[in-house]
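S.K.: What follows is a protein structure lacking sequence information:
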């Protein structure tokens, strides 16, 4: 394993929020990331307040299929580069579905052991991103990186990510979030480090 990402893996295992960098498909955009199995309403509220981007559930393709989540616009000529599935909501236990508590409940419902399509309805307020087979070795993006990071941390194969925007609405870069990193002691993981850990682990 790449020793440089060890502290970040430990943070994810503890249910802490981290920042993912190095997405090669989105021109330097950065994301908050937390394990889906450990997500709370506080995590969702933090992402909504400090991230401001779309809050998404990332999960492997086989898990998405089991939940009845299908890739939108499956043909490559209609893809934006982000592999969105149909939006979801927990069938039970939510009110309007949009609150931080409701979205956290929907995510935990989706990733619970034994969960299936009967536990969810669509459309909803949680937006799935479906990871490609082969992980970060096949696509260097926050989708694959977040799934792989949670697997390394032993907290399942799904994550919650949120693109980070600046106060003026432009996409943030690392210099724009230094105050958050220092204030909340947020660990950082570059997706290239995950690729290195995947390669070393296979040797």
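M.R.: Alright, I've got the coordinates. Because the structure is a prediction, the values reported are computed rather than measured.

S.K.: hey, let's count contacts and neighbours off CA atoms from now on
M.R.: OK.

S.K.: Contacts only, for residue 58.
M.R.: By C-alpha atoms under 8 Å, 6 or more residues apart in numbering, residue 58 lies in contact with 128, 129, 130, 131, 143, 144, 146, 147, 158, 159, 160, 161.

S.K.: mind putting those in TSV, secondary structure, neighbour count and pLDDT included?
M.R.: Shown next, in TSV, are these (DSSP: H, G, I helix; E, B strand; the rest coil; neighbours: other C-alpha atoms under 10 Å; pLDDT from 0 to 100):
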residue	secondary structure	neighbour count	pLDDT
128	strand	27	98
129	strand	30	96
130	strand	27	95
131	strand	30	94
143	helix	31	95
144	helix	29	95
146	helix	34	97
147	helix	27	96
158	coil	30	98
159	strand	32	98
160	strand	31	98
161	strand	31	98
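
S.K.: nearest to residue 176, of the residues you listed?
M.R.: Using C-alpha to C-alpha, residue 161 comes nearest to residue 176 of these, at 17.9 Å.

S.K.: re earlier: save the contacts of residue 58 as TSV, and put in distance to residue 13 too.
M.R.: Converted to TSV, those look like this (distance: C-alpha to C-alpha, whole Å):
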residue	distance to residue 13
128	21
129	21
130	22
131	20
143	18
144	17
146	13
147	13
158	12
159	12
160	14
161	15
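
S.K.: for those, which one is nearest residue 183?
M.R.: Nearest to residue 183, judged by C-alpha to C-alpha, of the contacts of residue 58 is residue 161 at 19.8 Å.

S.K.: Identify the residue spatially nearest to the closest one, adjacent ones excluded.
M.R.: Distances taken as C-alpha to C-alpha, 6 or more residues apart in numbering place residue 33 nearest to residue 161, at 4.4 Å, with adjacent residues excluded.

S.K.: Ok, residue 152 next?
M.R.: Closest to residue 152 by C-alpha to C-alpha, 6+ apart is residue 9, at 6.7 Å.

S.K.: and the gap between that neighbour and residue 137?
M.R.: 18 Å (C-alpha to C-alpha, to the nearest Å).

S.K.: higher neighbour count, the two?
M.R.: Taking other C-alpha atoms under 10 Å, residue 9 and residue 137 do not tie; residue 9 has more neighbours (23 against 17).

S.K.: The more buried one touches residue 149, doesn't it?
M.R.: Yes: Residue 9 lies in contact with residue 149 (C-alpha atoms under 8 Å); the separation is 6.7 Å.

S.K.: What count of nearby residues applies to the closest residue to residue 85 other than its chain neighbours?
M.R.: Sequence neighbours aside, residue 71 is the residue nearest to residue 85 in space, at 4.3 Å (criterion: C-alpha to C-alpha, 6+ apart). Neighbour count of residue 71, defined by other C-alpha under 10 Å: 18.

S.K.: do residue 62 as well
M.R.: When neighbours are defined as other C-alpha under 10 Å, residue 62 has 13 of them.

S.K.: hang on, the earlier thing: how much space between the residue nearest to residue 152 and residue 153?
M.R.: Taking C-alpha to C-alpha, one finds residue 9 at 5 Å from residue 153.

S.K.: residues in contact with residue 121?
M.R.: Contacts for residue 121 were tallied using C-alpha under 8 Å, 6+ apart; they are 88, 89, 90, 91.
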